[in-house]
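Trainee: Below is the sequence, then the predicted model.
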2 protein chains.
Amino acid sequence: MAPLPAVLVSAAAPDGRRSIATAAWAGIVCSDPPTLGIALRPTRFTHGLIVASGEMVVNVPRSDQVKIVDYCGLVSGRDEDKFSVAGLTPAKGQQLAHAPLVAECPVNLECRIKDRITLGSHDLFIGEIVGVHVDEEALDERGRLDVARLDPLAYVAGQYWKLGERLGLQGLARHK
Amino acid sequence: MAPLPAVLVSAAAPDGRRSIATAAWAGIVCSDPPTLGIALRPTRFTHGLIVASGEMVVNVPRSDQVKIVDYCGLVSGRDEDKFSVAGLTPAKGQQLAHAPLVAECPVNLECRIKDRITLGSHDLFIGEIVGVHVDEEALDERGRLDVARLDPLAYVAGQYWKLGERLGLQGLARHK
């Protein structure tokens, strides 16, 4: 499957432990209610924080944040506080009690966990999106998401990529 | 969430009805067993074919197939046979009884449906990947997937995009 979004999933337990996991197995799974899915191994530290709190934030990074994204996938939150080491700012969201936003990411999606589906090596967390934050720098003059300014990071077959050429809008086949 | 993969989901009922749906809400959800998730509205014709057969094929298109991908998302398989109209070839897979591959796509993932999760506007199909086909033209000299040759199609906020610059390999933060 390609390309996949490389995202940062942040969470915190009620006792204050916090961390950030890198996930490429992330997608929107429903529009009403807005819902997303994130697959994580049960051994990941962040997995336990999500289970303990019932919350997570999915943060969409810019492509120039690739080193931070890769770092958060290499080390465990059991060994290092990734917010401190990577110089990231944990910000309070509007809807969640525990899970912090990664303030430096242009998009943050606050999610309440609705279900956890055990599949084998990975669990699939189903999260209802209850809060959305978009950096003004990722918007155009009319306040709409500008994909070139958002500049998201793609993950394909063990490699990180930037987006390139815009091919057109959904519905382009209607005009042929 | 960005970028999302724009894929073609093909399916056929045991009675021979067949179709192709465009989906951007698609992702890998488990590596062992290899499993993917596809979100589709229950009103989609292809949704019923997947339920009737318990099978689907997820076909990853190249970016130059964007018009076909868009077309398959605009019309219903109730009104047109999309294989015929789009000039696509339904090919027999190795593992599935009914669902045809879209032969023109460089990657085809044959899936047996393990679960269907009702979420609201969309159902999430959980499919175990039981067969993988990769076009030789998407491989490098050593037989590994070459992302530039694969040239996958990204979907972001109602727009289709090509990939651009390769930023590096997973693990790049290890070498700083």
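Mentor: Thanks, I have it.

Trainee: Report the helix or strand with the lowest average pLDDT across chain A.
Mentor: strand A:26-31 (a mean of 91; mean pLDDT, DSSP states H and E).

Trainee: That strand pairs with which strands, and in what direction?
Mentor: Strand A:26-31 pairs in its sheet with strand A:34-40 (antiparallel), by DSSP bridges.

Trainee: in chain A, which spans are helices?
Mentor: Secondary structure of chain A (DSSP state H): helices located at A:45-53, A:66-74, A:82-86, A:147-150.

Trainee: could you redo those helices as a markdown table and give each row mean pLDDT, distance to chain B and mean neighbour count?
Mentor: The C-beta positions use only the backbone N, C-alpha and C, and glycine is treated the same way. Below are those laid out as a markdown table (pLDDT from 0 to 100; distance: least, CB to the nearest CB, whole Å; neighbours: other CB atoms under 10 Å in any protein chain shown):
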| stretch | mean pLDDT | distance to chain B | mean neighbour count |
| --- | --- | --- | --- |
| helix A:45-53 | 98 | 13 | 21 |
| helix A:66-74 | 97 | 4 | 21 |
| helix A:82-86 | 97 | 9 | 18 |
| helix A:147-150 | 96 | 5 | 17 |
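
Trainee: Using a markdown table, lay out the ones you listed together with distance to A:I126.
Mentor: Shown next, in a markdown table, are these (distance: least, CB to CB, whole Å):
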| stretch | distance to A:I126 |
| --- | --- |
| helix A:45-53 | 11 |
| helix A:66-74 | 22 |
| helix A:82-86 | 24 |
| helix A:147-150 | 24 |
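
Trainee: in the least confident helix or strand of chain A, what's buried?
Mentor: A:26-30 (16 or more other CB atoms under 10 Å in any protein chain shown).

Trainee: okay if I get those as TSV plus distance to B:L124?
Mentor: Shown next, in TSV, are the buried residues of strand A:26-31 (distance: CB to CB, whole Å):
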residue	distance to B:L124
A:A26	13
A:G27	9
A:I28	10
A:V29	5
A:C30	7
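
Trainee: How far away from the center of its chain is the least confident helix or strand of chain A?
Mentor: On the basis of CA atoms, centre = their mean, to the nearest Å, strand A:26-31 sits 12 Å off its chain's mean C-alpha point.

Trainee: Contact partners for the residue nearest the centre of chain A?
Mentor: For chain A, A:V58 is the residue whose C-alpha lies nearest the centre (CA atoms, centre = their mean; 2.9 Å). Taking CB atoms under 8 Å, 6 or more residues apart in numbering or on different chains, we find A:V58 in contact with A:7-9, A:26, A:36, A:38, A:108-109, A:111, A:127, B:1.

Trainee: bridging residues for it?
Mentor: A:V9, A:L109.

Trainee: do A:Q159 as well
Mentor: Assigned bridge partners for A:Q159, using DSSP bridges, are A:V156, B:L169.

Trainee: Near it, how many residues? Count them for me, please.
Mentor: A count of nearby residues for A:Q159, using other CB atoms under 10 Å in any protein chain shown, gives 19.

Trainee: repeat for A:L40
Mentor: A:L40: 24 neighbours (other CB under 10 Å).

Trainee: pretty sure it is in contact with A:T46, am I right?
Mentor: Yes. In this structure, A:L40 is within contact of A:T46 by CB atoms under 8 Å, at 6.6 Å.

Trainee: Mind listing the shared neighbours of these two?
Mentor: If you check A:L40 and A:T46 against CB under 8 Å, 6+ apart, the residues they both contact are A:9, A:21.

Trainee: Contact partners for A:N59?
Mentor: A:7-10, A:20, A:101-102, A:105, A:107-109.

Trainee: Can you redo the residues you listed as CSV, where the extra columns are distance to A:S121?
Mentor: What follows is the contacts of A:N59, written out as CSV (distance: CB to CB, whole Å):
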residue, distance to A:S121
A:V7, 19
A:L8, 21
A:V9, 17
A:S10, 22
A:I20, 21
A:L101, 28
A:V102, 26
A:C105, 27
A:V107, 28
A:N108, 27
A:L109, 24
